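Trainee: here is my input; please provide its structure:
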Amino acid sequence: MRQVTIIILGMLFSMSAIAQSPVSSSKAASPGAASSAALPTVDEVLDRNVKALGGRAAIEKIKSRVSKGTFEIASLAGAKGMIEIYEKAPNKEVAMLNIPGIGMQAEGYDGKIAWELQPDSGVVHEKSGLELATAKREAEFYGDIKLKELYSSLTLKGVEKVGERETYIVEAVPAVGNPDRFYFDTQTSLLIRKDSVEEGDEGKRSVQEFYDDYRTVDGVKLPFSLRQVSPGLEFVVKITEIKQNIPVEDAKFNKPEEK
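Mentor: Here you go, the predicted model:
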């Protein structure tokens, strides 16, 4: 389910051009001193997360996922709409947003080609270089149990509070691109925040993703509340329905024709 929000990051980039006013992001406390108790290893943090999600076996039983819900762009006068996300193992995904007054925006990866459909012009942008490498990494359906394969190095950076919740911070450095930071709740072991730096035509943009309202679906815990904050833009998704292991045609992920 982590991929559900990640795929929207590129959409945030393009929509930033129409965002009119900055929004304040939720602030986390500055990194504090580590707990007096011995910190766990990176492997222990990741293993606890997998267990909290339902376990490797339960996760690997899922082969496809269709999520539907609503979104709100707080910085665009509360613009709201519907969102649909389709995912299929091993590495296919597409997200579609119906943005009122703007049109349909979509972004996907078919296993080889990463693309983005611009809502205002109908132009389809095919990604390359760093954008393609990032899309390929983030499209991994089993990303939650393959972080050690997706990143060149993983380092436990200490303990930090996110709101009132204490988290272990894991810094993940990919072979190509900027490091990501994952924040795992020390009590539940669930991922509650991720920090990343995305790059696009307008340069670099820092993005914070927040995950909440985890619910169990087919033996696997998934976040139903998703929030992304970046300079000038706040994007909130409320998932209302998730169906897994249902047929999803490969054509669903293909790069669309330009209008």
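
Trainee: report the contact partners of K51.
Mentor: Listed by CB atoms under 8 Å, 6 or more residues apart in numbering, the contact partners of K51 are S189. (Glycine included, C-beta is placed from N, CA and C.)

Trainee: tell me the phi and psi of it?
Mentor: Main-chain torsions, K51, degrees, to the nearest 10: phi -60, psi -40.

Trainee: go on, D43?
Mentor: Torsion angles, degrees, to the nearest 10, at D43: phi -60, psi -40.

Trainee: number of residues surrounding it?
Mentor: 11 (other CB atoms under 10 Å).

Trainee: could you check the pLDDT of it?
Mentor: Looking at D43, its pLDDT stands at 97.

Trainee: three-state assignment of E257?
Mentor: Counting by DSSP: H, G, I helix; E, B strand; the rest coil, the backbone at E257 sits in coil.

Trainee: next, count neighbours for it.
Mentor: By other CB under 10 Å, neighbour count at E257 equals 8.

Trainee: same thing with G203?
Mentor: G203 has 8 nearby residues by other CB under 10 Å.

Trainee: for E84, same thing?
Mentor: With other CB under 10 Å as criterion, E84 counts 15.

Trainee: that one should be in a helix, yeah?
Mentor: No. Judged by three-state DSSP, E84 forms no part of a helix; its state is strand.

Trainee: wait, it sits on S67?
Mentor: Yes. With contact defined as CB atoms under 8 Å, E84 reaches S67; the gap is 7.2 Å.

Trainee: now do the longest strand seen in the chain: which elements does it pack against?
Mentor: In the chain, with assignment by DSSP state E, the single longest strand is strand 203-217. Packing partners of strand 203-217 (3 or more CB pairs under 8 Å, 6 or more residues apart in numbering; DSSP states H and E): helix 2-6, helix 9-15, strand 191-200, strand 220-230.

Trainee: same question for that strand, mean pLDDT?
Mentor: Mean predicted confidence for strand 203-217 is 94.

Trainee: partner strands of it, with direction?
Mentor: strand 191-200 (antiparallel), strand 220-230 (antiparallel) (DSSP bridges).
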